[in-house]
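Colleague: got a sequence here, can you model it:
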Amino acid sequence: MAKHLSDRDIECVVGILDGWRDKLTWEALSAACQPVIGTAPARQTLHRFIRITDAFKAAKIRLKSNQPEIKTPSMRVASERIARLIVENERLKRENSRFLEQFVVWQYNAHVKGLSDIDLNKALPAIDRGNTE
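Modeller: Residues are numbered from 1 along each chain as shown. Have a look, this model is predicted:
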C-alpha cells in the first residue's frame, strides 16, 4: 500500500529537487527520498502532488542548461548555494501565484453566495480538549 506524503514530506522532496545535480529520473528521486523521509515513494505517488511535479520539471530544465564547472571549492559551494536559492525562489513564486489564483476563485464564490467580510473573517471555534465526544 502506498504511503501518503505529509506536507513535511512534500517539502523535503521539493528541497531534494531544488538541489539536484545528477541525472534526474523518477526512480532516482524515489531512491533519494528514502533516507530523508523514511520511504521510497512510487513515481505515481510523487507525480500526484503538483508541487513535486513542478519542481521536477524545473529541475529537468535547469539540468539541461549545462553550466560550467567551477574549480575553486569555496566558489563552487557558494555557486551551488546561490543556484539552489534561485531555484527555490522561482518555485516559491510559482506556488504563490497558484495560491493567489485559488484565492480569487474563493473570493468570487464567496461573493456569489452572499458571504460578507464579517462571515469570512470570523475566528475559528475554540477547541475543547477536555471533551472526548
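
Colleague: count of neighbours near residue 5?
Modeller: 20 (other Cβ atoms under 10 Å). Any C-beta I mention is one placed from the backbone N, CA and C, and that applies to glycine too.

Colleague: how close does residue 111 sit to residue 99?
Modeller: Distance of residue 111 to residue 99, computed by Cβ to Cβ, to the nearest Å: 19 Å.

Colleague: pick out the residue nearest the middle of this structure.
Modeller: Centroid-nearest residue in the chain, with Cα atoms, centre = their mean: residue 51, separated by 4.0 Å.

Colleague: hmm, that one is touching residue 10, no?
Modeller: Yes: between residue 51 and residue 10 a contact is recorded at 5.7 Å, counting by Cβ atoms under 8 Å.

Colleague: shared neighbours, those two?
Modeller: Residues touching both residue 51 and residue 10 (Cβ atoms under 8 Å, 6 or more residues apart in numbering): none.

Colleague: just checking, residue 36 touches residue 16?
Modeller: Yes: between residue 36 and residue 16 there is a contact under Cβ under 8 Å: 6.4 Å.

Colleague: which element follows the helix ranked longest in the chain toward the C-terminus?
Modeller: The residue-count maximum for a helix in the chain (DSSP state H) belongs to helix 73-113. Counting by DSSP states H and E, the next helix or strand C-terminal to helix 73-113 is helix 117-120.
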